[in-house]
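> what would the 3D arrangement of this be:
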Amino acid sequence: MVLAFGHLIGAWLIGKFVEITTKKKISQNTWVFLILGSILPDFDFVLQLLFQTHLHRGITHSIFFAIIVPMFVYFIFKFIKNKKAANYALFLSVGILVHLLLDFPSPEGIPLLWPYAKMFIPAVSLETSRLLFDVMIDSILGVSWIFYLALKKRIQF
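Now for the predicted structure:
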């Protein structure tokens, strides 16, 4: 399993690739949606903690989630007449898909075609930790590091 910081870096690399290939800077708000999308599927950890049940790697790790949530965001921003609604939804979806791609080869697999099947590649494992505590610490450290560098203007999005 790739931890949160790995998902953030994966999305950042995709964003930088888009900037280099299109020769256009991605706006600050668009970066927020890309980065948010890269960690959003693991929000089910919070629900898991709250409800004391196993929820991780369910609907949030599916193509369905990567389509429905960005569509919802699109309609909200379209309703408030934001001209970048489609851009925000697209980058949110890309962030979610980056997350799914990075989690795909783990031993647990992901329900890519939820609710129909759980698909995974059992021969490849990027497993780094199974402890929820490690995941939370990684998330806190990774997000804090990125915000610190952004505030110090050592990285630009």
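
> start to end distance for stretch 17-31?
13 Å (C-alpha to C-alpha, to the nearest Å).

> give me the contact list for it.
Residues from elsewhere that reach stretch 17-31 (C-beta atoms under 8 Å, 6 or more residues apart in numbering): 15, 34, 84, 87-88, 91, 157. All C-beta spots, glycine's among them, are computed from the backbone N, C-alpha and C.

> what comes up buried for it?
The neighbour-count criterion (16 or more other C-beta atoms under 10 Å) identifies 18, 26, 30-31 as the buried residues of stretch 17-31.

> quick check: next helix or strand after the lowest-mean-pLDDT helix or strand in the chain?
Using mean pLDDT, DSSP states H and E, helix 44-51 stands out as the lowest-scoring helix or strand of the chain, at a mean of 74. Scanning forward in sequence from helix 44-51, with DSSP states H and E defining helices and strands, the next element found is helix 63-79.

> helix 63-79 and the helix or strand that comes right after that next one, what's the angle between them?
Stepping forward along the backbone from helix 63-79, the first helix or strand reached (DSSP H and E) is helix 85-103. Per axes from the mean of the first three to the mean of the last three C-alpha atoms, to 10 degrees, the angle that helix 85-103 makes with helix 63-79 is 160 degrees.

> for helix 85-103, which positions count as buried?
For helix 85-103, by 16+ other C-beta under 10 Å, it's 85, 87-100, 102-103.

> try stretch 3-13
3-12.

> tell me the one of those residues nearest Ile110?
For Ile110, the nearest member of these is His7. The distance, counting by C-beta to C-beta, is 12.9 Å.
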